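In: Here is my input; please provide its structure:
(2 chains)
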Amino acid sequence: MQLPNPEALLAEITAKIQAQLQPNTALVGIHSGGVWLMNRILDNIQQNIPHGTIPIGTLDAALYRDDYAERGLKNEPKPSNIAFDVRGKHIILIDDIFYTGRTARAAMNELFDYGRPTSITLAVLINRGGVELPIFPNIIGAEILLTPKQNLQLSQDSKGKLHLTLEAYHA
Amino acid sequence: MRNLQLDADGKLKHLLTIEGLPKKILTQILDSAETFVGVAERDIKKVPLLRGKTVCNIFFENSTRTRTTFEIAAKRLSADVINLNVGTSSQSKGETILDTVDNLIAMHADMFVVRHSQSGAVHFIAQHMPENISIINAGDGRHAHPTQGLLDVFTVRRYKPDMHNLRVALVGDVLHSRVARSEIHALTTLGVPEVRVIAPKTLLPADVGKLGVQVFHDMKAGLKDVDVVMMLRLQNERMTGALLPSAQEYFKTFGLTQEKLSYAKPDAIVMHPGPMNRGVEIDSSVADGSQSVILPQVTYGIAVRMAVMAILGGGA
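Out: The predicted structure is shown next:
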């Protein structure tokens, strides 16, 4: 299967996010891929506006996952860091691959424990199909329909360049 | 024999002692604790991991602080908490430990936090547990106090991240201290190259050499160039016979004053597991001074206990 170039998809969602910026917009990336994307998107947006005007944050959502009872706590959860006041913000939540919708649900639940945002927009690089909840991303770079036996992974090399790999899924 | 603390896959099942726990597990607990530090700073100081679970604090020996921090930790994980001061309830009416525990199992508790004045009592209870219940040792006699040891190394790691390049001194009553044993095991497992103990001979265990530490009887030599000073409480309640001349005498020789602290590195941190005996093992000016991290220890204690409970409480 020919995978799209993630750098081109990044440019695409950056443009869509930029079109939605409001005075109270904040960006929140979900670890790890969503945080890489958020930092790149921020760099691009900040070429046009003053630095530091858009609040940013990171979330892991490990403490809100619905598979904790079956699978336990994730081995290396990353600390969430939302240093701005969530109340009254238009939050753009960024993740790399959208699949079942469960990570987005967990991340939204976590966000609400920081306060009540005015709105949440979900932006993802790729929607791979297979959603299990009434949740759908507002901003999508590309749709690639995959089977449950396939695993699509975003990675970042030492120069910060993004790569996509498709592998067989290991439970 | 399989380590009672680990399940067949090598995952943490009970937390009884740091001795014998692999570095991987200690690191997993400390890394997870990092994620829980921030929970206390949110609007809603709770995460839903242990929602619907019941954590039972059984304290056969009194302790306000440890019980309270375990209770806060469990509540911040959304668990329901039952506190049982057994000293004041059934045991005084003649019930055995196992009968007490069986009753709580029958009430569908999911996790037990146990403190007991007898070394080994918590292991004994863990052996008796059905498969689906985890035990956390909150201090047993002179043996172990693993969550205190973990929160202490967590505090060290936060202030001095390069653990492989540290000199740490434990000062005081090592003989009666379960905290000291847990700290020593945690520090050496995590790769701290030099751990010292500084104490009068009467307050050192006979087998201190086996713990892999350097022994000093003099503060000036022992504190020289250390990065971390961990004070221990004089455990008067566990002392029998005349181990010390007097509290004043002890303070003169082993009490941590600004002057003695000046032998350590200028950026050394000072720790104490609490409760402190001011003017006995530590001078107030040091306890409240700029190098003291005694109150952050308490804050981190909650995050570390949340991490331990979260690791034990999940997974089928």
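In: Please work out which helix or strand belonging to the chain has the smallest mean pLDDT.
Out: All of this refers to chain A. When the helices and strands of chain A are scored by mean pLDDT, DSSP states H and E, helix A:68-71 comes last with a mean of 88.
In: think we crossed wires, I meant chain B
Out: Least-confident helix or strand in chain B using mean pLDDT, DSSP H and E: helix B:97-106, a mean of 86.
In: which residues touch it?
Out: Residues outside helix B:97-106 that contact it (C-beta atoms under 8 Å, 6 or more residues apart in numbering or on different chains) are B:56, B:58, B:60, B:82, B:84, B:86, B:90-91, B:112, B:116, B:121, B:124-125, B:128-130, B:133. All C-beta spots, glycine's among them, are computed from the backbone N, C-alpha and C.
In: buried subset of the residues you listed?
Out: By neighbour count, with 16 or more other C-beta atoms under 10 Å in any protein chain shown, the contacts of helix B:97-106 hold B:56, B:58, B:60, B:82, B:84, B:86, B:91, B:112, B:116, B:121, B:125, B:129, B:133 as buried.
In: Looking at those residues, which one is closest to chain A?
Out: Distance to chain A across the buried ones among the contacts of helix B:97-106 (C-beta to the nearest C-beta) is lowest for B:Ile133, with 15.1 Å.
In: hang on, the earlier thing: buried stuff in the least confident helix or strand of chain B?
Out: B:97, B:100-101, B:104-105.
In: Can I get it as PDB, trimmed to CA atoms?
Out: Only the C-alpha atoms of helix B:97-106 are listed here, as PDB (Å, rounded to 0.1, in the frame of the first residue of the first chain):
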ATOM      1  CA  ILE B  97      -5.100 -10.900  62.300                       C
ATOM      2  CA  LEU B  98      -6.400 -13.400  59.800                       C
ATOM      3  CA  ASP B  99      -9.900 -13.300  61.100                       C
ATOM      4  CA  THR B 100      -9.800  -9.500  60.800                       C
ATOM      5  CA  VAL B 101      -8.500  -9.800  57.300                       C
ATOM      6  CA  ASP B 102     -11.000 -12.500  56.300                       C
ATOM      7  CA  ASN B 103     -13.900 -10.300  57.400                       C
ATOM      8  CA  LEU B 104     -12.600  -7.500  55.200                       C
ATOM      9  CA  ILE B 105     -12.300  -9.800  52.300                       C
ATOM     10  CA  ALA B 106     -15.900 -10.900  52.800                       C
END
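In: so what's B:Leu6 closest to, chain neighbours aside?
Out: B:Lys13 (5.9 Å; C-beta to C-beta, 6 or more residues apart in numbering or on different chains).
In: Next one: that neighbour from A:Pro6, what distance?
Out: For B:Lys13, the distance to A:Pro6 equals 41 Å [C-beta to C-beta, to the nearest Å].
In: again with B:Leu50
Out: For B:Leu50, the distance to A:Pro6 - C-beta to C-beta - is 38 Å.
In: For these two, work out which one has more neighbours and name it.
Out: B:Leu50 (28 against 23; other C-beta atoms under 10 Å in any protein chain shown).
In: Surely the more buried one and B:Ala79 touch.
Out: Yes: in terms of C-beta atoms under 8 Å, B:Leu50 counts as a neighbour of B:Ala79; the distance is 3.8 Å.
In: what residues are shared contacts of these two?
Out: Shared contacts of B:Leu50 and B:Ala79 (C-beta under 8 Å, 6+ apart): B:110, B:309, B:313.
In: what sits against the first one?
Out: Under the criterion of C-beta under 8 Å, 6+ apart, the contact partners of B:Asp110 comprise B:50, B:53-55, B:79, B:132-134, B:313.
In: What segments of chain B are strands?
Out: B:54-59, B:80-85, B:111-116, B:134-140, B:167-171, B:194-198, B:214-216, B:228-231, B:269-271 (DSSP state E).
In: Give me whichever of those is most buried.
Out: Among the strands of chain B, ranked by average contacts under mean count of other C-beta atoms under 10 Å in any protein chain shown, first place goes to strand B:228-231 (a mean of 27).
In: Up against chain B, what does chain A have?
Out: For chain A, the contact set with chain B under C-beta under 8 Å from any C-beta of the partner chain comprises A:60, A:62-64, A:68-73, A:75-82, A:86, A:109-110, A:112-115.
In: Quick check on these: which are buried?
Out: For these, buried by 16+ other C-beta under 10 Å: A:60, A:62-64, A:68-69, A:72-73, A:77-80, A:82, A:86, A:109-110, A:113-115.
In: need the helices for chain A, in chain order.
Out: Secondary structure of chain A (DSSP state H): helices at A:6-20, A:33-45, A:68-71, A:102-112.
In: Report the distance from the shortest one to the chain centre.
Out: Average the C-alpha atoms of helix A:68-71, do the same for its chain, and the two points are 22 Å apart (C-alpha atoms, centre = their mean, to the nearest Å).
In: Pick out the residue nearest the middle of chain A.
Out: Nearest to the mean C-alpha position of chain A, by C-alpha atoms, centre = their mean, lies A:Asp95 at 1.4 Å.
In: Is that residue in contact with A:Ala104, as I believe?
Out: Yes: using C-beta under 8 Å, A:Asp95 is in contact with A:Ala104, at 6.7 Å.
In: Give me the common contacts of those two.
Out: Overlap of the contact sets of A:Asp95 and A:Ala104 (by C-beta under 8 Å, 6+ apart) consists of A:Leu122.
In: check contacts around B:His145.
Out: By C-beta under 8 Å, 6+ apart, the neighbours of B:His145 are B:137-139, B:178-179, B:182.
In: excluding its backbone neighbours, what's nearest A:Leu37?
Out: For A:Leu37, the spatially nearest residue (C-beta to C-beta, 6+ apart) is A:Ile94, at 5.2 Å.
In: What are the buried residues along stretch B:63-74?
Out: Neighbour-count burial for stretch B:63-74 flags B:63, B:66-67, B:69-74 (criterion: 16+ other C-beta under 10 Å).
In: Determine if any part of it is in contact with chain A.
Out: No: Stretch B:63-74 is not in contact with chain A by C-beta under 8 Å from any C-beta; minimum separation 13.1 Å.
In: Other residues contacting that stretch?
Out: Identification of contacts with stretch B:63-74 by C-beta under 8 Å, 6+ apart yields B:50, B:55, B:57, B:59, B:81, B:83, B:111, B:113, B:115, B:136, B:138-139, B:147-148, B:274-275, B:298, B:301-303, B:305-306, B:309.
In: Got phi/psi on whatever residue of chain A ends up closest to chain B?
Out: Relative to chain B, the nearest point of chain A is A:Gly72 (2.9 Å; C-beta to the nearest C-beta). Main-chain torsions, A:Gly72, degrees, to the nearest 10: phi 80, psi -180.
In: quick one: contacts for the closest residue to B:Ala73 other than its chain neighbours?
Out: If the residues on either side of it in the chain are set aside, B:Ala73 comes closest to B:Arg305, at 3.7 Å by C-beta to C-beta, 6+ apart. B:Arg305 makes contact with B:69-70, B:73-74, B:136, B:147, B:151, according to C-beta under 8 Å, 6+ apart.
In: picking that back up, model confidence score at the residue of chain A closest to chain B, please.
Out: Confidence at A:Gly72, expressed as pLDDT, is 87.
In: For B:Ala268, see how far away it is.
Out: Taking C-beta to C-beta, one finds A:Gly72 at 38 Å from B:Ala268.
In: quick revisit: tell me if I'm right that the residue of chain A closest to chain B and B:Gly314 touch.
Out: Yes: contact criterion C-beta under 8 Å: A:Gly72 and B:Gly314 qualify, at 3.6 Å.
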